[in-house]
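# Just a sequence and a predicted model for now, questions to come.
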Amino acid sequence: MASEELARPDAQLHLAGFFPFGPAYVWSEAERNDIYYDFAAWRQLAQAAERGLFSTLFLGDSQRLREHLGRITDTAVTGRPDQLVLFAHLAAVTERLGFVATLNTTYTDPVDLARRLASVDLLSGGRVGWNVVTTDNDWTGENFRRGGDVTHEVRYRRAEEHLALVTSLWSAWEPGAVATAASAPHWIRPGAVHEVAGTGSLSGVRARPSVPPSPQVRPVLFQAGESDEGREFAARHAQGIFSRYLQFDQALAFATDMRRRLVRAGRPADDLRIFPATRIILGDTDAEARARARWFGDRTWPDRRIRAVIEAVWGHDLSDHDVDGPPPHTDPVVPTQTLTHGVVNTNDRPLRTAAAWRELAEQRGWSIRQLVRHLNASIEFVGSPATVADELTRYVRAGAIDGLNLQPNAMPGGFDEVVDRLVPELQNRGVYRTAYEGTTLREQLGLAVPS
Ligand SMILES: Cc1cc2nc3c(=O)[nH]c(=O)nc-3n(C[C@H](O)[C@H](O)[C@H](O)COP(=O)(O)O)c2cc1C
C-alpha cells in the first residue's frame, strides 16, 4: 500500500447525487426529453440515492437559458425548475437524504433567500445545504437589470455582506425561543428573537426572521468558486466545497491548499468536505465498462452539442459545417463574442483559442468531433465495481476528496447500478457508511452543530 493511502485511514466517502441539466448530458432511458423535469423521475432518482445512503442531492443553478446568436443552446440548460421547490417536493418522499441548493449572492435578496432556505430546512427536518456562489455570467444579471457590470471584487464583497446577514438571520432565534407547551404564557419567549441589521451595501436592511431554527440549526454551507478570493471565502465560511479538481494529483493539491487555508482562518483542517463532480460507469469487467463508457459518450455528445462548442468560440453560425471535418479555417468573428452565452467560457482571446484548437486538430489529424471530445474529456471512474471501489478508496484515504458530486448516466434509473453494485464494494472496504448517522444533513456529513 502506498504511503499516501494511509493519510486518512478512517476517511469515508460521501456520495452526492448531482444533475447537470440538459438533454445532452444525461441519457434519457425513456427516450423523452421532458423526463428531465418529470417529478416521478426525480422521485425515482432521489429514492435510489437514499437507498444507496447518499449524503445529499446537489444541484447547480442557472436562472437563464443559455443562448448563442439569439438561439437557445438546446444542448445545455433546457428548463430548470427552482431547486428549492423541487427539493421541497423531494423532501416529502425521502427521510434522510440531504438537499444542497446552489443560490448566488449577487442577484438575490438575502432576507428572502434566508427565509426560503430556512423554510425548506425546517420542514425537511434539517436536511438542507446552501452552495454559495457569486455567479460569473453577466447574462444572468440582465434578469435583474444588472448585467455586465458586477466586477469580481464587488461580487465577493457583496457575498461577504450577504452571507453575514443570512447567517445572522439564521441565528436570530435563541435556543428554546419557542415554548412548545400550549399552556405556556407566551408562544415566543420575550426578547428571544432578535432583529438583525445589514452592513456595507446592505446597511439600512433591518429584519426579524419569521422561521425558527431547524434540527440542524441552520443549513450547511457549501461554496463553488476557485479564485483566491473564492478559496478564502470558502476557508472562512464553508463546510463543503464543489471543486473542479478530480485528477488525483490536482485533487490532492487542492485539498492540501484548502486545509492550509482553513487552519489559517482558525478552523480545524478537517472541517471541510470537498466534492468534485464525476460519473461512474460500471461493467462486469473493466473492458465491458469501457465499452459502456463509449456508448454513453456517443449518446451525450450529439452533433448539435459538438457544434455548440465550436460556435461559442468562432462566434457565428456553423450549422452547415461538418463536425466530422476539420475546424473552420476562417477566424472567429470577435465582435459577436459578447453575444455568446455558451457552454464554453470564451470571454477573452477567441482568436488565440481558435488558433490553438486548429493547430491541435491539425497535428493530431482530428475532426471537430474528436477535438471537442478531447477538450471536454472529464475524469470518470470506469471499471468493474471492484476496480472503481479500489480507486475511490485510494482518493479518499489519501485525503484528495471527501465526496463526489455524482452524475447519473441515465434518467431516471441512473443511480441504481452504483447503489446495487458499487456501494457494497465500498462498504466491504470500510470506506462507506452502512447506515445513516442521523437525520440531518449536518449529521450525515459528520459536522458539528453550530453554536
Ligand atoms: C465547480 C463549480 C461549480 C459552479 N457552479 C455554479 C452554478 O451552478 N451556478 C452559478 O451561478 N455559478 C456557479 N459557479 C461559478 C461561481 O459562481 C463563480 O462565480 C465563478 O467560479 C467565479 O468565481 P471565481 O473566480 O472565484 O471562480 C461554479 C463554480 C465552480 C468552480
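Structure's in. What do you need? Numbers count the residues shown, from 1 in each chain.

# Contacts only, for E229.
Applying C-beta atoms under 8 Å, 6 or more residues apart in numbering, one finds that E229 lies in contact with H152, E153, Y156. C-beta coordinates here come from the backbone N, C-alpha and C atoms, glycine included.

# which of the residues in the host helix or strand of it are buried?
Per DSSP states H and E, E229 falls inside helix 228-237. Buried positions in helix 228-237, judged by neighbour count with 16 or more other C-beta atoms under 10 Å: E229, G230, R231, F233, A234, A235, R236, H237.

# swap in stretch 54-69?
Within stretch 54-69, the residues that count as buried by 16+ other C-beta under 10 Å are 54-63, 66-69.

# do stretch 321-333 as well
Neighbour counts over stretch 321-333 (16+ other C-beta under 10 Å) mark V323, P327, P328, P332 as buried.

# Likewise for stretch 375-387?
E380, F381, V382, G383, S384, P385, T387.

# In terms of model confidence, name the weakest of the residues you listed.
Within the buried residues of stretch 375-387, E380 has the lowest pLDDT, namely 94.

# For that residue, which non-adjacent residue is closest in space?
The shortest distance from E380 to any non-neighbouring residue, by C-beta to C-beta, 6 or more residues apart in numbering, is to R279 (4.6 Å).

# who's in contact with that neighbour?
F296, S378, E380, F381, L406, Q407, N409.

# at 10 Å what do you get?
Contact partners of R279, counting by C-beta atoms under 10 Å, 6 or more residues apart in numbering, are 18, 20, 25-26, 293, 296-297, 300, 378-382, 404, 406-409, 414, 418.

# And for A289?
Residues near A289 by C-beta under 10 Å, 6+ apart: I280, I281, L282, G283, E380, F381, V382, G383, S384, P385, T387, V388.

# what about the fourth one, neighbour count?
So that's G283. Counted with other C-beta atoms under 10 Å, residues neighbouring G283 total 20.

# How about the second one?
The burial metric for I281, expressed as a neighbour count using other C-beta under 10 Å, is 22.

# Where does it sit: helix, strand or coil?
I281 carries the three-state label strand when classified by DSSP: H, G, I helix; E, B strand; the rest coil.

# Could I get the buried residue list for stretch 443-451?
Buried residues in stretch 443-451 (16+ other C-beta under 10 Å): E443, Q444, L445, G446, L447.

# For A355, the count of nearby residues, please.
Residues lying near A355 (other C-beta under 10 Å) number 13.

# now swap in the one 10 residues further on and tell me
By other C-beta under 10 Å, 8 other residues sit near G365.

# residues touching it, list them.
Contact analysis of G365 by C-beta under 10 Å, 6+ apart lists P326.

# Pop out the phi and psi values for it.
phi 70, psi 40 (degrees, to the nearest 10).

# For the remainder of this discussion, apply numbering that starts at 81.
Shifting the count to begin at 81 puts that one at G445.

# any idea how far it is from the ligand?
Separation of G445 from the ligand (C-beta to the nearest ligand atom, to the nearest Å): 33 Å.

# got it, and L183?
9 Å.

# Give the buried residues for the host helix or strand of that residue.
Using DSSP H and E, L183 maps to strand 178-184. Residues of strand 178-184 classed as buried by neighbour count (16+ other C-beta under 10 Å): G178, F179, V180, A181, T182, L183, N184.

# Low-confidence ranges, this protein, go.
For the chain, applying pLDDT under 70 flags the ranges 81-86, 103, 148-149, 157-158, 227-229, 414-428.

# and it, which residues reach the ligand?
For the chain, the residues in contact with the ligand (C-beta under 6 Å from any ligand atom) are 140-141, 182, 184, 213-216, 232, 304-307, 309-310, 322, 324.

# Now for the residue nearest the centre of the chain: which residues touch it?
Residue closest to the average C-alpha location in the chain (C-alpha atoms, centre = their mean): G140, at 4.7 Å. By C-beta under 10 Å, 6+ apart, the residues touching G140 are 98-101, 157, 160, 163, 180-182, 211, 213, 304, 322, 357, 485.

# Out of these, give me the one that has the most neighbours.
Among the contacts of G140, the one with the most neighbours (other C-beta under 10 Å) is V180, at 30 neighbours.

# pretty sure that one contacts R522?
No: look at V180 against R522 with C-beta atoms under 10 Å: they stay out of range, at 11.9 Å.

# for the helix or strand harbouring R477, which positions count as buried?
In the assignment (DSSP H and E), R477 maps to helix 465-478. For helix 465-478, the neighbour count (16+ other C-beta under 10 Å) marks P465, T467, V468, A469, L472, T473, R474, Y475, V476, R477, A478 as buried.
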